[in-house]
Every structure is written in C-alpha cells, then in structure tokens.
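Q: sequence and predicted structure, then a few things I'm wondering about:
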4 protein chains.
Amino acid sequence: MTIINGCPVSQKSYVLQGKAKASGLWNLFMPKESDPGMKYGTGLSNLEYALMCEEMSKCPLSSEVFNCQAPDTGNMEVLVRYGSTEEQKRQWLTPLLNGEIKSCFGMTEPKVVSSDATNIASSIRRDGDHYVVNGHEWWTTGALHPDCKVCIFMGKTDQSAATHKQQSMILVPMDAPWVKIIRPLSVFGYLDYPSGHAEVLFENVRVPLGNMLLGEGRGFEIAQDRLGPGRIHHCMRLIGNAERALEMMLERTQNRVAFGKQLAAQGTIQQDVAKSRIEIEQTRLLVLKAAHMMDNYGNKVAAPEIAMIKVAAPNMAQNVIDRAIQAHGGAGLSDDFLLAGMFAWARVLRLGDGPDEVHLRSISRLEYKKHNLAKL
Amino acid sequence: MTIINGCPVSQKSYVLQGKAKASGLWNLFMPKESDPGMKYGTGLSNLEYALMCEEMSKCPLSSEVFNCQAPDTGNMEVLVRYGSTEEQKRQWLTPLLNGEIKSCFGMTEPKVVSSDATNIASSIRRDGDHYVVNGHEWWTTGALHPDCKVCIFMGKTDQSAATHKQQSMILVPMDAPWVKIIRPLSVFGYLDYPSGHAEVLFENVRVPLGNMLLGEGRGFEIAQDRLGPGRIHHCMRLIGNAERALEMMLERTQNRVAFGKQLAAQGTIQQDVAKSRIEIEQTRLLVLKAAHMMDNYGNKVAAPEIAMIKVAAPNMAQNVIDRAIQAHGGAGLSDDFLLAGMFAWARVLRLGDGPDEVHLRSISRLEYKKHNLAKL
Amino acid sequence: MTIINGCPVSQKSYVLQGKAKASGLWNLFMPKESDPGMKYGTGLSNLEYALMCEEMSKCPLSSEVFNCQAPDTGNMEVLVRYGSTEEQKRQWLTPLLNGEIKSCFGMTEPKVVSSDATNIASSIRRDGDHYVVNGHEWWTTGALHPDCKVCIFMGKTDQSAATHKQQSMILVPMDAPWVKIIRPLSVFGYLDYPSGHAEVLFENVRVPLGNMLLGEGRGFEIAQDRLGPGRIHHCMRLIGNAERALEMMLERTQNRVAFGKQLAAQGTIQQDVAKSRIEIEQTRLLVLKAAHMMDNYGNKVAAPEIAMIKVAAPNMAQNVIDRAIQAHGGAGLSDDFLLAGMFAWARVLRLGDGPDEVHLRSISRLEYKKHNLAKL
Amino acid sequence: MTIINGCPVSQKSYVLQGKAKASGLWNLFMPKESDPGMKYGTGLSNLEYALMCEEMSKCPLSSEVFNCQAPDTGNMEVLVRYGSTEEQKRQWLTPLLNGEIKSCFGMTEPKVVSSDATNIASSIRRDGDHYVVNGHEWWTTGALHPDCKVCIFMGKTDQSAATHKQQSMILVPMDAPWVKIIRPLSVFGYLDYPSGHAEVLFENVRVPLGNMLLGEGRGFEIAQDRLGPGRIHHCMRLIGNAERALEMMLERTQNRVAFGKQLAAQGTIQQDVAKSRIEIEQTRLLVLKAAHMMDNYGNKVAAPEIAMIKVAAPNMAQNVIDRAIQAHGGAGLSDDFLLAGMFAWARVLRLGDGPDEVHLRSISRLEYKKHNLAKL
C-alpha cells in the first residue's frame, strides 16, 4: 500500500473496506429520516454525519473505505426513498450498499446552462413497454469507473407540462446498448481516475418501464431532495480539506527559513494563518447549523442555510488552500502535497451542484420574501 | 420625543429608563458568573445577554434605556469583581447601577501604541496616604458626559516588576483637581455627544489609597478579564447593526428604480444582499459560540474565539454597512439614515480594544501552539 | 494662519490667492479645447492639469488658492462653452473667474435615483418671458457658501421629447425669491463648511429666458460634456489623497513601536505599504491615460477610460486610506490627521457623479459592443 | 495540424517556425541593449517586445513558433551578455538561436526557500581543470524536453565570500554523466509536456572550467540581471492571457441563457466583465511603464516597477481568469477551453521568480528608503 501524506492510496482498498464493514463503519451517510429503521445504514443524523465527513475528507481515500463516496451516496439515498420497485432495489441498491458496484448521475448537459432545470434538453420518451432515453451529458462523475453499472438519468418526459413537472429520473444501466462514453474530462489537468468525470452520449437507449423513479414528472422533486444533504456533505468535506490545508501550512512554515527568519515567525504568514482559522470556524458553524436545521425542520426550512453554505464553503476552502499553497512555495502546486488537488476540488464546487451565482440569487429572493412578510 | 428611523432619540430618556427599570429590564449585562446571587443584575449568561445586545443595537438609544451602555457596563463589572472596599462600591458602583452617574476608562495614550500594554507611560505613584496619578490619555469615551464622575485609570505602579505586573488600575474621580479634559475627539467628523471621546490630562492627581482596584500590579489581569465579555457585547452589537443595515437596504431597494428596473430586481444588488446575509449569519454563530464557551469554560479557554470575533465582526459590519450605504446612494452617507454612523462605529472597532493586527497575531500564536501540542 | 499637517487652513486665504493670481497660477483647470485662445485660463491640457490636481489635493486648501475648486470649475467651463449670451458671461462667468463669487450645481434629487437622468422630476416651464423653475434638490455642494450666487439647475423642459432631449440647464440666481436652503447634509459627521452640501427647494422660481444654457432640451448633452473632465480631476485628486495617506503611513510607522519592533519593520505593515504603492501606481497610469485620450481623441472616445477611472480611483483611495488609518490607530479616525476626512471624501466619490454600479454597467456594455464589432 | 480554440497545436511546428524565420519574426526577445548590433535578434526594445508577448500569449503555441519561449529566451540572453568564451557561444548559443536545441535553468531547490539566494545549497567546486557540480534541483522547467541539451546551473563556489558573492553560474550539459532526471512535477494536474518541470539531481557532475559564466562569485549578479526582462515578458503574457480569458467570457455569455435571460444581460456577469476590463488596463499600463523604464533608465532604476508588476500581473490574471471560468460553468475547468491551463500558469507565477511576499517586501523597503531620502 502506498502512503502519501499519511494517507494510504490504492485503486481499491479491499482490506480497509473489510475492516470498516466489520466495525460497523459502513454506509454512514444514510440519514435517519430516509432510513428510520436503520435498515440500510447506521442511523446518523445529518449533523452527526457532517462531522464525520469533515474527518473523512482529510484523507483522500477514506470516503471509499467507508462506502461514503459521492455520487453513490446520493444515488443510494434516492433508491431508498424513491425506488419504485423491489426489483430496482435488488438490482442496484443492494450491490451499491455492499460496495460491489458504483453509479453515476446524469443531469449536466454541455449545450445548456444546466443549473436552470428548465433548460434540460435530454428526453425520456415512452415507447411501448420501454422508455427511450436520449441525451448528451457531461461531468458525469464516476461514469469512467470500471465498476460503474448504473446511471440515474434526468430528462424531460413531457415538454408541455408545468415547468417543474416536465422532468423525470430513470435508471439507465451503463452497459445498455447505445450508452457511449465519449471521453474523460479533466479539472485543471486532473482526470481523477479511477472515478473521473465523463462525457456520455445516450442515443435511443431503451430501458424497461420499471426503471422509472417515483413516477413521470417527478424528477425535479427528487433532484431538490437529493441535493440538500449532498450539499452539506460536500461542504463539510471542504471544511475538512481546509483544516488539513491549514495544518499542512502550520507544519511547513515551522520548518522553513527565509531572510533569516522561520516562515512561522513572519507577520504575513501569521496573518494568513489567523484569517484561515477565522474563516474555517465561521463556515463550519454555518454548515453545522444547516445540518441541524435539516434534521429538525426539514429540507425546505433549511433551504436558505443550505444555499448559504454552498456559496460560503467552497469559497472559503479555495482561499484557505490558496494561502497554504503560497506558504508551500512551488511544492504546493505539485502532487507531493494534497493542496493542488484540494484546490481544484474546491474550485469545482463553486460550480458543481449550482454555481455561486444561482445560490446567491436564491438567498436574496428568500431574503426579500422574508422581509415583505415581516411587514404584513 | 424625536423619532428617527423608528427609534426615539433624546439626551436623556428618563421616561423610558423608568419603564425599563420597572419591568426589570435593567442592568442586563451583569453576567451570572460575576454576580451569582443576582444581587446587581438579572443573572443572564453571556450567551443570553449577547442576543439582547444584538436587539438593543438596532436602536441607538436602547443601550442607555436599559443601563447597558459601554463603557459603564465594563466598569460596573470591574467594580463588582475587583472593587476592594465597600466604600468604592457605595460611592461608585451603586449610582452607576442606578443610572445616576456615568464613568469612563483610561488606558489609551496618544504617544504610544497602547494595544501593547508594555508601552504604557501613565504612572500611579504612592505618596504617603495617597496615590499620585499622572497620565495623558485619549479616546476616553464617556469622559465628556456631564454625569461622568469617575475614571478607571490604568498606569504603571512599578516599572521594575515583571512585564505584566507593572500595571495597576485605580479609581480617579473626574472632579479631582488637575484632571483636565483637553478636548473632544471626532470619529469621521462625529463627536458622539453627549458621551463622546475625550483627550484627558491627569497631572499629579492625588487619590486616596483606597481607590486602588484589586491591588498594585494587577491592572493587566483586570484588563484581560474586563475585555472578554466587552468584546462579545461589542461584536453582538455589530451583528445587530449589520442586520439593521441589511434591513434598510432591503427596504430602500424595493422603493427605488433605475434604468427601468427596481433596484431590488438587479442582480448586483441581489448579490450584495445575499453576501451580506451569509456574512452576518457566519459571524453571529461565531460570536454566540464565543459567548457559550465563556459561559461554560471561562475566559481563558474562550480566548481564541474572542480574538476571532473581535476581528470578524467589525470587518463584517463594515462591509455589510458599506454595501447598504452604496444601495442608498448619497442618502446613505447623511444622517437621515443610521448607516453612516454605524459605519463609523464599525471602523472604530477595528481599532478599539486592540486593532485587528494584534488579534490576528494572537490567533496565529495560539494556532501554532495548539498544533505543536497536538504533535506531542 | 493655522497650519495643520503642513497645510495652511483658513476660511478664505486672500493672501495666498493674491500670490497665486500674481504668479499666473490661476484658473489652471480651464482646458485648452474649451478655451483655445487662453482667454480664461492657462491653456493646460487635461493631462497637464491632472498632474496639478494630484499635487493640489495633498493640501486641503490649495484648490481654492488657485481658484480650482469644484463645483466652480465645472460650472465655469459650462459657461465658457455653453453660455448663450454675453450677459450670462458678464454676470456670472467673470466674477467666478476672478474668485469673487461661488456657484453650485443642482441635478440630484432626494426622491429618485438621479444617476439615471430619465428619473429627473425637476421642471423648467416657460411662462411668458420667464422660465418657472421647480425642483427639490440635495447634495447641492457649495450652496451653503456665503458667496454662492448662482446655481446651474437641471430640469425637464419637455416630458414628451426623446429620452435625452427632455432635460435643460438653466442659471438660477441663489438670491431669487423662493429658492430655499432647507438644511446642510453631512457626510459621515462632516458638514464640510463653509462650502458644504445643501438640500435646496426651488418653488416656482422665475428666471429670465436669457438664463437658459445652450438651448432647451440640451441639458443632457451639457451634463455629459461637463462630467468627463470633472471625473479626471476628481480621480487625480484621489490619487493625491492616496499618496498623502501613504506618506503619512510611512512616517507614522517609523515612529511607533509595538511588541518590541518598529511598526515599519512588521511584515503586515510592509505588505500594506507595498499593496498601496502598487494600487496607486496602477490607478494613476489609468487616469493619465484617460486624460491623454480626452486631450487627443475627445470625450466620446475616452468614455470607457473615464468610466473605468471613476470606479478605480475612489475604491483604490478608500482602500489605501483605510490602511493608513489602521496604521495610525485611533489617531487616524480623528481630525488630527487628514485621513478620516479623505476617507469620507473617497467614499462620497463611489456615489457622486454616478455610483460604481452605473459605471461598471457602462464599461460592460462598451465591452460587449466592441467585441461584437470586432467579430463583424 | 490540430486546431483548438483557434490555435494550432502540435509537438513541434516546424512549418510555422520556418515561416516565422523566413519573415524575420525570429528571436524577437533579444533586447537592443544586450545586442546593440542586432547580431542575434531584431533589436526590439523591452517596450516593443512586451506588446508582442501579449499577442503571442493568446495562442499557446506561438512563443515556440517565434523562438521566444522561456526559459530559452533568458538563457540565450545570459549567453550573449555573460558568455565568457566563443566556445560557449558556438556550442550552446548558436543552436539555441536557431531553435535546434533547448535549455533549462537550475536555481530552485526542494529543501530550502530558494527565493532567498543565501539559502542555496548547491555547490560548484573547482577540482583541477574541472568544476564539480552537486545539487538537487526541482521546477527545472524544460529539462524534460527531448531537445534540452544544457542547463544554466546556479551554485555556491565560495561559502566564505560576501553574501552575494558566493554564487556562480555554470553551463552543465544535460547529457553529462551523473545528471539524473528524477521525475516530472505537475502543476495542479498538468505536466506541461513536452517541456515540463523536472526534479533533477546533479551528483559530482564534472564540467570543464570554460563552462563558468562571467566568473566565479558573479552568479547573483547574473540572476538579478536575467530576471528583470523575464519578469516583464511573463507579465505581458499574463496580460494577454487575461485578455483572451475576457474575450472568451464575452463570447460564452452571449451564447448562453439562464433563468430566461442571456448571461451577458445579467448584472453580475456585467460587473465581472467590467472589473476585469479595469484590472487588465491598469496592469498593462504598469507593465508597459516598467518596460519603458528599463529601456530608458536600466534595470536598477526600474526595480520597484518590476517588483510591482510581478505581484500585480499574476494576481490580476488569476482573478480575471477565475471569473471567466465561473462564467463558463464546468466547461471552464476542462481542457476544452484554455482557461484552466491559463489559471494554473497564473497561479504558478505568484510563486515562480519569487513569491508575492518577497516582492511586496522589496517594494516596501524601497518605499521607506525613498521616503527617508526625500526628507533629507
């Protein structure tokens, strides 16, 4: 097993996964409210799991070790909550829960601004006892993984329905005929193997009627639901990344000297450290508040906080990691340290799951709404 | 009574003070741990009082209405905790608690960087049964108020003692001979009457030995203690100011049109609103955490959080209020709205009670220390 | 004569004005292209005068000493270029050029967003051989000065004309019946006496037909023209203010010690100094480029650069001065130094002559336009 | 020939190089003052070449097409100015000028902060008629290129000499025994083939005495000289990159719709465009001023400006490109556009040739020095 920065790195760490499963540290992500009987997971609240996300994120491998890697986590939760048939669960949910297969999620299209769901061009058309799926997707994370067996695909079933009733979600086996992986996409040069981001073409792919999730026209509803907890997880991972970056910065600056003085003794480095500490603390508290609200009041009430953290956390992490890179000198940009990769990921998350601009717009609209109601 | 922006404004609002006292909403600031028997106040925790500071700050008059105005609050707490004699309490504490007199605090000198306590040049020299006090102070807030009767004065009693044992605090009656108020100081043109900031000269002022607080050489200790809760109060007031500014911004932008569109409908205004909301939420959570820690673990453990909020809150408030001013146009700079005054005060607090730089330095030092210990 | 910070300060510095006039350093602002025969001024180009603005701004008094104070400069230029009659020039221009009277400019209204000229509610209605002027103005800088004798007033003469042909400019004597100064307005706490900012009511003020400038419906045209050079002057003054602030910061930090080290030796102060130097240099070059373009290609071609400097210079100055204040400690907020006043003025100019947002919008539109043309 | 984003991309574009050479557009970088007789280049001034750097940078291939790629440009100039022997020129300079070989530059060591030249651990020890070179270098850009034949290597010849007389520069053939390329280094995920960044070990490498440049103890002197123009070139390339990014942003936002509105019509995008335009203009002017000063007053006088642009340009470019990425959505992070790669390079240049912090420190020191002299 290779060790980098204190973290074991391997293609597939069966040994660690076995240990994790044996210890009951498996499928930690499944929230109590989706799984009240703790049938699938360990019954942690969003708040509890958020704290574990922070810890797991400090080592690149650990999400997978505990079967807590995106996008499988969100996909499993969708299957638990919205899987329509036992067959769906048997075929996809169980092997995902066991860590035997992987999955991907297709709702980002190269030709339109996908953060506006009304733009979706992919289609799911009924034809006899099948649906015919057509779509050009990209940033389909995980699709390249050799174990990826299924895609949760979002497309329009009815262009004439109400704006948010046009979309549906359907399960598409990745080995179905006419599912074509066109190419991998890089993020700042990173391909993120083995589970990188793919451009995928679905051309008249036929899937059985039973693969529809929840029902036609309910795709937007599922998406809204799926994204809430996923954003909290992402944000707490960013907190963990930022903590790790700060820790590396503290260590590096104690071991380097410039112009006759330890870097750690230089006022500008100290200010960078202190600002990073403040920003991390503030953001963590906000993410934990969002998780607490989701646990206690549900997704809808927690919507403003979820939008806020989705802006705050990636920006904070980008800044904190940028400072850590700077303190490392050239080394910080190489892969000898985790910093460059973490930076790239923080930058991705200012766009993924909705760009900053979309969330800021939502926050503002909720703010004006709240203010008007207050005046009534 | 004049009403500006929904807030009553007067020189001295006896009527409101009477109502507040009658309702038991009086001396709310006195923390439980200083006053466990609720002899002087209402026994609120720092956390509880912090939330009240936020509310009170939304109306400029209210601190005084509830006898919660700085610097009297800090001074009263010092007298409760460190007042050495019953006479001190009878003479100064009781009338302060009753709102009959006011006080000031002298530890900022024009000739040195006062945030470094070792720089203090003021002296308190024993001479028979008196101390002889000499010092040139400024930014002595409250000294100009006609009811200001006493100054808690910091000076060195022993230049040869250990660095942080040289300073003492002593009560100096403001009507003692050779206490001379030289002039008021303005903050961005504001004189903050009636309780503005004075430059004060103490020339061979003789005060009885009984006026010493806690004991010679313990001034630094008192200062450290005094500043913790004071910083939380200041920071929560800044949160309230920022909330008020954001509220004004929301209202103003709904009532103004430029280039054919309500300001509230413009993306840039919306982004300013959303960023302000995020920054306020994050900072409030951090201030409440600091209050919670002080309540449960004491000043010393809460030191990093107190330093963090002292940087975060004024900077946040300055930014949020600056955006609100911008959205108001020229009006925002005038005194038709509270914004310009609140901006000035937020700017003061990036310097008052220690400039940002000093707190960032402390945070960084604590961070390196924590990190080293973690490695043992 | 009182000297503050090396600058003489007085209500009216006749002596210095006399010396300036005698040396030919008088009315330096009048640009060659408005006054090719050097009949009114010294024939400096915008570029040459810009550099003098920078120097003059370092001492608060000097604009007036050289008869180069706003808004009189802009008003005089309007009279030179657009004054319709010899009578107008005799009555107002000559005494302004001689420094015998002062003037003000009225185009900002409290009830609307005035940066959008279509919002203007003030009216100029013809009635026989007079115009009847009605309007509620504020931020009418200079109106409070005892020598202020005339207002260039902008109002609509024809609501039904094309959008930018509705406005006209007219000369209104300040001692005309029914011109009422309601009150002074403060900027932060500054009243800027003797030539502060007034709220002024014009109620059915009758002025002779001959007071119209250029012609009915040409007010917007004059405004566009007037504001170009005015913005360059403002921006160069801000450069000078920032230079002065940096100079004060360099001096102060060499004379103060904290935590055993001269402030000037602390890395964070050094970084503030260096960033300020970079920002000043960049902004000065852009302002000089704008002046050069205006001199050589005219206002219209220079429009993008003028919009850019109007955003860049006040923001730069606000930042640089803010850092200088921070380095001064509390002193920086008082009026013992020029910093607080200069800060207030830089903040004003993020709103005055059009808020940042309006200029950023123009820059963007020009950019898209340029890009499209490039593709043709 | 593959075309990406309007730019031809190939491993080695012999055809284009041939055309460039035939047109006399070859070795444009060689500054007049190094080559007054235009023996080696085209005799452009730094100012003239700076403008060409901007243009060339818009297409990734073009530096190489015109034989203007770093680090060869700097190395060729060193050979012209400081090459001690005809043999050195014949063996290395001529083929470099012809584009037949490539070179690298070794002065960055993994074990120390290399921006402080006193930290250098590499050694050049005389042994009979050879020098023995030992050193562990990294970020040796170009070393991986198959045509890379020579390294200009910096090491200490005399540890006991004055601080800046200890270092020397020597030519080390890359095929000399015991020059070992350990591995390529990535920047984010980019390896920048074919001319990426290597970690290289020099173990007792023996080179003839004649390979010394200028003379023992003069390495620091050469380095100072070499870096000035190189920084201007880098900075102008960053300007070009930022211009290209802005252009891409303008185009992309005109072709995308979100929430019922073209992105280009959204206020927040417009503000990003306008801010980018301002920042680019300001930085370009400063870089051109630095080039002008270097042309007219020499490296030493231009030192403050060169330090300023080295901070300003990469930070500006990072910001502008970051905004362009954001406007592109996920696409901006992929290699379908040039943005991610340009971002990575801008980030490198906040560290390469000295990190921001070192240059800010220099600027500040020059500022204090200037201020003191001004007071004499």
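A: Noted; the coordinates are in hand.
Q: who touches residue A:344 in this structure?
A: A:187, A:188, A:190, D:188, D:189, D:333 (C-beta atoms under 8 Å, 6 or more residues apart in numbering or on different chains). Glycine gets a C-beta too; all of them are placed from N, C-alpha and C.
Q: cutoff 10 Å now
A: By C-beta atoms under 10 Å, 6 or more residues apart in numbering or on different chains, the residues touching residue A:344 are A:186-190, A:192, A:318, A:321, D:188-189, D:333, D:340, D:343-344.
Q: what of residue A:21?
A: Contacts of residue A:21 (C-beta under 10 Å, 6+ apart): A:27, A:65, A:66, A:67, A:98, A:99.
Q: count of neighbours near residue A:156?
A: By the measure other C-beta atoms under 10 Å in any protein chain shown, the count of residues near residue A:156 is 22.
Q: which non-adjacent residue is nearest it?
A: residue A:166 (4.7 Å; C-beta to C-beta, 6 or more residues apart in numbering or on different chains).
Q: how about residue A:52?
A: residue A:28 (5.7 Å).
Q: what residues sit buried inside stretch A:83-100?
A: Within stretch A:83-100, the residues scored as buried using 16 or more other C-beta atoms under 10 Å in any protein chain shown are A:83, A:84, A:88, A:89, A:91, A:92, A:93, A:95, A:96, A:97, A:99.
Q: contacting residues for the second one?
A: If I follow you right, that is residue A:84. A:171, A:209, A:210, A:211, A:212, A:213, A:214, A:215.
Q: hang on, the earlier thing: among the buried residues of stretch A:83-100, show me the least confident.
A: Least confident of those in the model: residue A:84, at 82.
Q: quick one: that one from chain C, how far?
A: 48 Å (C-beta to the nearest C-beta, to the nearest Å).
Q: now that residue, what's its secondary structure?
A: Using DSSP: H, G, I helix; E, B strand; the rest coil, the structure places residue A:84 in coil.
Q: returning to what we had before: now, among the contacts of residue A:21, which is nearest to residue B:60?
A: Among these, residue A:66 lies closest to residue B:60 (C-beta to C-beta), at 53.3 Å.
Q: what's the angle from the helix or strand hosting residue A:292 to helix C:267-301?
A: For residue A:292, the host element (DSSP states H and E) is helix A:267-301. Angle of helix A:267-301 versus helix C:267-301, following axes from the mean of the first three to the mean of the last three C-alpha atoms, to 10 degrees, is 70 degrees.
Q: for helix A:267-301, buried residues please.
A: A:267-295, A:299.
Q: before we move on, the earlier item: so what's the residue nearest to residue A:156 up against?
A: Per C-beta under 10 Å, 6+ apart, neighbours of residue A:166: A:117-118, A:120, A:123, A:155-160, A:216-217, A:219-220.
Q: tell me the two of the residues you listed that are most distant?
A: Largest separation among the contacts of residue A:166 by C-beta to C-beta: A:118 and A:216, giving 17.1 Å.
Q: can I see the domain layout of chain A?
A: Domain segmentation of chain A under automatic domain parsing yields A:3-97, A:102-213, A:220-375.
Q: ends of the second one, what's the gap?
A: Okay, so that is domain A:102-213. Distance across domain A:102-213, first residue to last, is 18 Å (C-alpha to C-alpha, to the nearest Å).
Q: count of residues packed around residue A:22?
A: Counted with other C-beta under 10 Å, residues neighbouring residue A:22 total 9.
Q: if I look at it, how far off is chain C?
A: 52 Å.
Q: out of everything not next to it in sequence, what's closest to residue A:110?
A: For residue A:110, the closest residue by C-beta to C-beta, 6+ apart turns out to be residue A:138, at 4.8 Å.
Q: wait, is the one you found part of a strand?
A: Yes. The assignment for residue A:138 is a strand, going by three-state DSSP.
Q: that one: what's it in contact with?
A: Residue A:138 is in contact with A:106, A:108-111, A:114, A:182-183, A:185, A:197-201, D:330-331, D:334, D:336, counting by C-beta under 10 Å, 6+ apart.
Q: of those residues, buried ones?
A: Looks like those have A:106, A:108-110, A:114, A:185, A:197-200, D:330-331, D:334, D:336 buried, using 16+ other C-beta under 10 Å.
Q: wait, residue A:150 sits on residue A:169?
A: No. Counting by C-beta atoms under 10 Å, residue A:150 stays clear of residue A:169, with 11.9 Å between them.
Q: weed out the non-buried ones from the contacts of residue A:344.
A: Among the contacts of residue A:344, the ones that count as buried by 16+ other C-beta under 10 Å are A:186-190, A:192, A:318, A:321, D:188-189, D:333, D:340, D:343-344.
Q: closest to chain B among those?
A: Distance to chain B, by C-beta to the nearest C-beta, is smallest for residue A:318 among the buried ones among the contacts of residue A:344, at 15.0 Å.
Q: surely the closest one and residue D:322 touch.
A: Yes. Between residue A:318 and residue D:322 there is a contact at 8.9 Å, judged by C-beta under 10 Å.
Q: quick one: the strands in the stretch 201-350 of chain A?
A: For the stretch 201-350 of chain A, strands defined by DSSP state E, counting those that start in this stretch occupy the ranges A:257-258, A:261-262.
Q: tally of neighbours for residue A:116?
A: 16.
Q: list the contacts for it?
A: A:354, A:358, D:256, D:257, D:258, D:259, D:260, D:261.
Q: which ones are touching whatever residue of the stretch 201-350 of chain A ends up closest to chain D?
A: Distances between the stretch 201-350 of chain A and chain D by C-beta to the nearest C-beta are smallest at residue A:258, namely 4.1 Å. Taking C-beta under 10 Å, 6+ apart, we find residue A:258 in contact with A:266, A:269, A:329, D:112-116, D:118-119, D:355, D:357-358, D:361.
Q: beta-bridge partners for it, please?
A: Applying DSSP bridges to residue A:258 yields these beta-bridge partners: residue A:261.
Q: select, from the buried residues of stretch A:83-100, the two members most distant in space.
A: Among the buried residues of stretch A:83-100, A:84 and A:99 lie farthest apart (C-beta to C-beta), at 23.8 Å.
Q: show me the buried ones among the contacts of residue A:138 that map onto strands.
A: A:106, A:185, A:197, A:198, A:199, A:200 (DSSP state E).
Q: quick check: residue A:83 touching residue A:92?
A: Yes. When contacts are counted by C-beta under 10 Å, residue A:83 is listed as touching residue A:92 (8.0 Å).
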